[in-house]
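J.: Okay, sequence plus prediction incoming.
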Protein chains: 2
Amino acid sequence: MEAELTLIKQWHGLLSSYNEVASHLERELQELHGLSLSDFETLDRLRSREHDKCRMQHLASDMYLSQSALSRTVARLEKSGFVERSLCQDDRRGVYVELTDAGRERHAEASATHLAVLAEHLK
Amino acid sequence: MEAELTLIKQWHGLLSSYNEVASHLERELQELHGLSLSDFETLDRLRSREHDKCRMQHLASDMYLSQSALSRTVARLEKSGFVERSLCQDDRRGVYVELTDAGRERHAEASATHLAVLAEHLK
DNA sequence: GCCGAGGTTATATGCGTGTGCATCTAATGT
DNA sequence: ACATTAGATGCACACGCATATAACCTCGGC
């Protein structure tokens, strides 16, 4: 009974912290850079890869997005010119996703906002 | 620089904990009880009020949902027979939301699942 | 004191968009 | 041939933003 109450309290704390940060992130990234949080995180994951490039499935593996949502996110980013998709020659089902220069640039700008929001709202 | 790295790490931790719990909650509440997480949280908030009843605005104030999303959530819950809406006689713009017996019952069932998921996935 | 115009508040709704699930297609592997 | 895997896509739905609607509130002029 005690443990259950603690659990609930802990969850409410988590919910509250998460929503506080996520809602501000979402809003400011959209407003200042035209990126959704998923867009930003996708760019961010790519940026941390060697050569800013990797396969969809690897990208998916450490993101909290369904495979279909990731597929569409990458499609959006490609349409905006921030990433490029290319076929794997060794497994022709596969798709490589790679940051473009514009993508790196946008990510750098948005990163500043991202950090500022964290600094302000993550307690 | 140090501080920034810490901030990012902290945020990733938060993201990861939140998504781990929220995705399981969402799935299991839906599967076992036909409730979305927002549905459940709305019932839960109502349950913690005197007489399981309160005005939309008060309900909104401690939930992480936009006013419009809450309005639709309550509409869904009413359609399912878990809450009832009624006009305030003293402020006729206002709407009271009140749990029905079916709502209390469904909440009680779902609560068990909720707790179980927290116990399993909240570390 | 009473009245009506103009602002404000509570809730609902139109709209565009992002999501997950199920499914489709095409390439691989066995 | 048959099952499996990578990624894309149809679909239904929940969300937030902007706006609509209706009730309430305030205040200056009478």
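T.: The structure has been received and is ready for your questions.

J.: Can you list the strands that the helix or strand of chain A with the lowest mean pLDDT pairs with?
T.: Scoring the helices and strands of chain A by mean pLDDT, DSSP states H and E places strand A:53-55 at the bottom, with a mean of 91. When sheet partners are counted by DSSP bridges, strand A:53-55 sits next to strand A:95-99 (antiparallel).

J.: Grab the nearest non-local neighbour of the most centrally placed residue in chain A.
T.: The structure's chain A has its C-alpha centroid closest to residue A:41; by C-alpha atoms, centre = their mean the separation is 1.4 Å. What sits nearest to residue A:41 in space, not counting adjacent residues and going by C-beta to C-beta, 6 or more residues apart in numbering or on different chains, is residue A:63, at 6.4 Å. To be clear about C-beta, it is placed using only N, CA and C from the backbone, and glycine gets the same treatment.

J.: ok, now residue A:119?
T.: Residue A:119 sits nearest to residue B:7 (C-beta to C-beta, 6+ apart), 6.2 Å away.

J.: which ones are touching the one you found?
T.: Going by C-beta atoms under 8 Å, 6 or more residues apart in numbering or on different chains, residue B:7 touches A:115, A:118, A:119, A:122.

J.: Quick one: distance of the helix or strand in which it is found to the chain centre.
T.: Residue B:7 is located in helix B:2-33, with elements delineated by DSSP states H and E. Computed by C-alpha atoms, centre = their mean, to the nearest Å, the chain-centroid distance of helix B:2-33 equals 17 Å.

J.: before we move on, what about stretch A:17-36?
T.: Using C-alpha atoms, centre = their mean, the offset of stretch A:17-36 from its chain centre is 11 Å.

J.: now do stretch A:107-115
T.: Using C-alpha atoms, centre = their mean, the offset of stretch A:107-115 from its chain centre is 12 Å.

J.: cool, stretch A:104-115 as well?
T.: 12 Å.

J.: How about that stretch and DNA strand C, touching?
T.: No. Judged by C-beta under 7 Å from any atom of the strand, stretch A:104-115 stays clear of DNA strand C, getting no closer than 14.7 Å.

J.: quick one: buried residues of that stretch?
T.: Neighbour-count burial for stretch A:104-115 flags A:106, A:107, A:110, A:111, A:113, A:114 (criterion: 16 or more other C-beta atoms under 10 Å in any protein chain shown).

J.: what's the answer for stretch A:50-63, then?
T.: Applying 16+ other C-beta under 10 Å to stretch A:50-63 flags A:52, A:54, A:56, A:59, A:60, A:63 as buried.

J.: Span of it from start to end?
T.: Distance across stretch A:50-63, first residue to last, is 17 Å (C-alpha to C-alpha, to the nearest Å).
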